[in-house]
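Trainee: can't give you the sequence, but here's the structure:
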């Protein structure tokens, strides 16, 4: 079989591949814990060396994953808990936390394509303060210290003819923010994380990488200032759906037959080998297909509000 390429933007899922293969990567640390009185799980993956970054296929830095199994449910209290925890995790990655700074929030994605509209929707609900502070001073916000928050939705290359990083670069020259926070929809490799997981990282982002549509990276190396990226996986690829269905089918058939194995060839493969096999079987007609839930319209609106509320809390000095 050809070299395995896992379609995921989540560092946690990349790390799980090595755990499944019983491979230990030096230079990668992982810390998992649950939030008290909540179903929220936090996993921190830190890539500390260049060799580890090369093995993982991701830049050095911190990757914080917040998993909330009921995040798709319309429970305002639960979503407030998620926003509060998200704010704490964002503040951990913000440079010069506790001091006044200028923050540019970038909503990546295409507003016309619902699974890709997370970034623009988040920007719609942000508390924007830069224009108020510039016109009336920070005391107009009722505080002695306040972050100046601005935002932009740069669109996608098919709409503008420009890479998002080019648009952002021009804005940086004019407004000189201290830090950029980028919001984007992601791709996952596991259906259980679809619309139930938030990833926060200080390494920036490569828009579209999870679906094989690579754009120029938005990171400190390319734009010259710190970049925090926040995303939620809203799509999975067809191979993931087939793999999960196969697993459920095999489990159900074995249960019907009293635990008798249906065969050893497929069962002897680990999860990622099964995924690779299925990718090759469904090629070429379904290999580029990505799937999203049928209620994605309401889900994106709900999740975008949760993210924007977390950002609004985090950016208060």
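Mentor: Done, it's in. This is a predicted model, so every value here is computed, not measured.

Trainee: can you get me the start-to-end distance on stretch 36-49?
Mentor: End-to-end distance for stretch 36-49: 32 Å, by CA to CA, to the nearest Å.

Trainee: who's in contact with it?
Mentor: With contact meaning CB atoms under 8 Å, 6 or more residues apart in numbering, stretch 36-49 is reached by 11-12, 15, 26-35, 53, 56, 58-70, 81-82, 85, 89. All C-beta atoms are positioned from the backbone trio N, CA, C, and that covers glycine.

Trainee: and those, which are buried?
Mentor: Burial by neighbour count, judged by 16 or more other CB atoms under 10 Å, picks out 11-12, 15, 27-28, 35, 53, 56, 58-68, 81-82, 85, 89 from the contacts of stretch 36-49.

Trainee: among these, which are in helices?
Mentor: Cross-referencing the buried ones among the contacts of stretch 36-49 against helices under DSSP state H gives 11, 12, 15, 53, 56, 81, 82, 85, 89.

Trainee: make CSV out of these and add pLDDT.
Mentor: Formatted as CSV, those follow (pLDDT from 0 to 100):
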residue, pLDDT
11, 84
12, 84
15, 77
53, 89
56, 84
81, 94
82, 95
85, 95
89, 95
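
Trainee: what's the farthest-apart pair in those residues?
Mentor: 53 and 81 (32.8 Å; CB to CB).

Trainee: looking at this protein, which helix or strand does the model trust least?
Mentor: Every helix and strand in the chain was compared by mean pLDDT, DSSP states H and E; the lowest is helix 271-282, with a mean of 66.

Trainee: I'd like the next helix or strand past that one.
Mentor: Sequence-wise, the next helix or strand downstream of helix 271-282 (DSSP states H and E) is strand 290-291.

Trainee: run me through the strand neighbours of that following strand, direction for each.
Mentor: Its sheet considered, strand 290-291 pairs with strand 227-237 (antiparallel) by DSSP bridges.

Trainee: excluding its backbone neighbours, what's nearest residue 100?
Mentor: Counting by CB to CB, 6 or more residues apart in numbering, residue 100 lies nearest to residue 145, which is 5.2 Å off, once chain neighbours are set aside.

Trainee: okay, now the one you found: neighbour count?
Mentor: Neighbours of residue 145 under the rule other CB atoms under 10 Å: 11.

Trainee: number the chain from 37, please
Mentor: That works, and once the first residue is 37, the last one we named lands at residue 181.

Trainee: please report how far it lies from residue 165.
Mentor: Distance of residue 181 to residue 165, given as CB to CB, to the nearest Å: 12 Å.
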